[in-house]
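In: model the structure of this input:
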Amino acid sequence: MVTFDSTLPGTSAEAWEADGRLARLPALSLDGIESLVVVAAHPDDEALGAGGLIAECAARGIRVLVVTVTDGAASHPSSPSTPAHDLAARRAEEARTALAELAPDAGILLLAHPDGSTLELRETIAADLARAIPATGPSTLLVAPWSGDGHRDHRIVGELCAELAATNRLRFAGYPIWLWHWAEPEMEDVPWDSFVSLPLEPAAAGAKHRAIAAHVSQVEPLSESPGDEALLHPRFLANFERRFEVFVQEPTTLGADYFDAMYARRDDPWGFESRWYERRKRAITLAALPEERYTNALEIGCSIGVLTADLAERCDALLSTDVSSAAIESAKQRLAASPHVRFETGDVASSFPDGRFDLIVLSEVGYYFDAVGLDALVDAVAEHLAEGGTLLACHWRHPVADYPLDGDEVHVVLAARLGLERVSRHLEKDFVLDVFNSDGRSVAERTGLV
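Out: This is a model prediction of the structure:
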């Protein structure tokens, strides 16, 4: 585990800014979030690591709850002026004052476990967090200290919250605090591939600044006596004056709850029917199919069935699947007059449909899987694709914080793992479309023109 001395200045905010990568991070998505739970290992973690997020969510009408695990009484173990019990009371009041700056209507729960006791009280803390945090699925965003932050209490609280998020299907992100102090941008310990950022409106940035200042016992000396020095060095605090916050989101396959929540809010979350971008992309997709008709086709991730309806006109039999039951119900209604189209609800990475297909369509779905899940899916596609069959894959290329992979990564895996020849490619700034086949023949070759 990383060790560091918090009394030293540490890495400067200018060094992180000069690296350049912080300015190019994908965005932390708040789409579909109805409640935010911020867990802090100590009073002040919530303001430093997620104060802007709290303020942004409050401004958007998202419910906010802050849970602080320890009492923070060990911040000044050698203080000649302030006994531990007095410091604990003071820090609790500072936490309430800080939260009032960020989100006046937010709830706060101070568990008040002894500072530094998280390892010994791990099971008790886990039970307390399970009781405090509602199991409301992916409409709740749970954030906690990043487990790689180099502080034992941060590691344990972060691990417990990640486990709870996985159990209850909550969206989860970790916030680094001490990383900015002990690490340098080029170090391997910095999780650049998992970083996402949340831009802060001026009001949220200002609220965060005031909230950090409200933790007076940490940013100012308790007295002029040795042992009462300010814990947080000004050079360290400069890392929290950015106009954005950085979180760590480890990629995981998105499940049915995530998509059902999307469809519960909007009938057509991605604008398949309303957006010219989507209508044009469908036309390109259909034009890219090398055969005029297919005998037995499979569409993975059919959503509400808009592309399904177009595919149905060129297939004798079509099986369309989606992990979301809400999406499947909508697609069934759309294709009610097409008896040759069947629908199944399920995760194709773990339970691939039986049969062999001369066409498999993987459109805007591959990046929802993590690397292990995508490998399993690609292997299943290769196994169930009929001799001479075609795989068409089409994916958005821009990064999305919620998605474990991006479109380009999906197509790299397809090309490397399928063992098929790529017979055509359409590449734009926004999306990539590839057609794979085992025989490699062009449309002109298939139709006898050459």
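In: okay, and the beta partners of the residue lying closest to residue 57 once chain neighbours are set aside?
Out: Distance criterion C-beta to C-beta, 6 or more residues apart in numbering; nearest residue to residue 57, sequence neighbours excluded, is residue 36 at 4.5 Å. For the C-beta atoms, the positions are set from N, CA and C on the backbone; glycine is no exception. Applying DSSP bridges to residue 36 yields these beta-bridge partners: residue 64, residue 141.
In: I'd assumed residue 140 was in contact with residue 36.
Out: Yes. Look at residue 36 against residue 140 with C-beta atoms under 8 Å: they come within range, at 7.4 Å.
In: the bottom helix or strand of this protein by mean pLDDT?
Out: helix 256-265 (a mean of 85; mean pLDDT, DSSP states H and E).
In: how about residues contacting it?
Out: Contact partners of helix 256-265, identified using C-beta atoms under 8 Å, 6 or more residues apart in numbering, comprise 31-32, 137-139, 169, 171, 269, 304, 322-327, 330, 347, 402.
In: for the residues you listed, I'd like a selection string for ChimeraX - just the buried members, please.
Out: In ChimeraX, a selection of the buried entries from the contacts of helix 256-265 looks like this (16 or more other C-beta atoms under 10 Å):
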select :32,137,138,139,169,171,269,304,322,323,324,326,327,330,347,402
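In: among the contacts of helix 256-265, name the ones in strands.
Out: In strands, judged by DSSP state E, the following of the contacts of helix 256-265 are found: 171, 322.
In: just checking, what's the longest strand in the chain?
Out: With DSSP E applied, the strand covering the greatest number of residues in the chain is identified as strand 385-396.
In: counting by contacts, list what that one packs against.
Out: Counting contacts by 3 or more C-beta pairs under 8 Å, 6 or more residues apart in numbering; DSSP states H and E, the secondary-structure elements packed against strand 385-396 are helix 276-288, strand 357-363, helix 407-417, strand 431-437.
In: then that strand to CSV, C-alphas only?
Out: Output in CSV follows, covering the C-alpha atoms of strand 385-396 (Å, rounded to 0.1, in the frame of the first residue of the first chain):
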residue,chain,number,x,y,z
LEU,A,385,-22.8,-17.8,-37.1
ALA,A,386,-23.7,-20.1,-40.0
GLU,A,387,-21.2,-21.1,-42.7
GLY,A,388,-20.9,-18.1,-45.0
GLY,A,389,-22.9,-16.0,-42.6
THR,A,390,-22.5,-12.2,-41.9
LEU,A,391,-21.9,-10.2,-38.8
LEU,A,392,-22.7,-6.5,-39.0
ALA,A,393,-21.5,-4.4,-36.1
CYS,A,394,-22.1,-0.7,-35.6
HIS,A,395,-21.1,1.5,-32.6
TRP,A,396,-20.9,5.0,-31.3
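In: I'd like the distance from that strand to the chain centre, please.
Out: Computed by C-alpha atoms, centre = their mean, to the nearest Å, the separation of strand 385-396 from the middle of its chain amounts to 28 Å.
In: could you do stretch 366-373 as well?
Out: Averaging C-alpha positions (C-alpha atoms, centre = their mean) puts stretch 366-373 13 Å from its chain's average.
In: what do you get for stretch 46-62?
Out: Relative to the mean C-alpha coordinate of its chain, stretch 46-62 is positioned 17 Å out (C-alpha atoms, centre = their mean).
In: any idea of the pLDDT on the most centrally placed residue in the chain?
Out: For the chain, the residue nearest the mean C-alpha position is residue 402 (3.4 Å; C-alpha atoms, centre = their mean). The pLDDT attached to residue 402 in the predicted structure is 79.
In: skipping its backbone neighbours, what lies nearest it in space?
Out: Distances taken as C-beta to C-beta, 6+ apart put residue 29 closest to residue 402, at 4.9 Å, once the chain neighbours are dropped.
In: list the contacts of the closest residue to residue 285 other than its chain neighbours.
Out: Beyond its immediate neighbours in the sequence, the residue positioned closest to residue 285 (C-beta to C-beta, 6+ apart) is residue 394, lying 5.6 Å away. The neighbours of residue 394, taking C-beta under 8 Å, 6+ apart as the test, are 281, 285, 362-364, 431-434.
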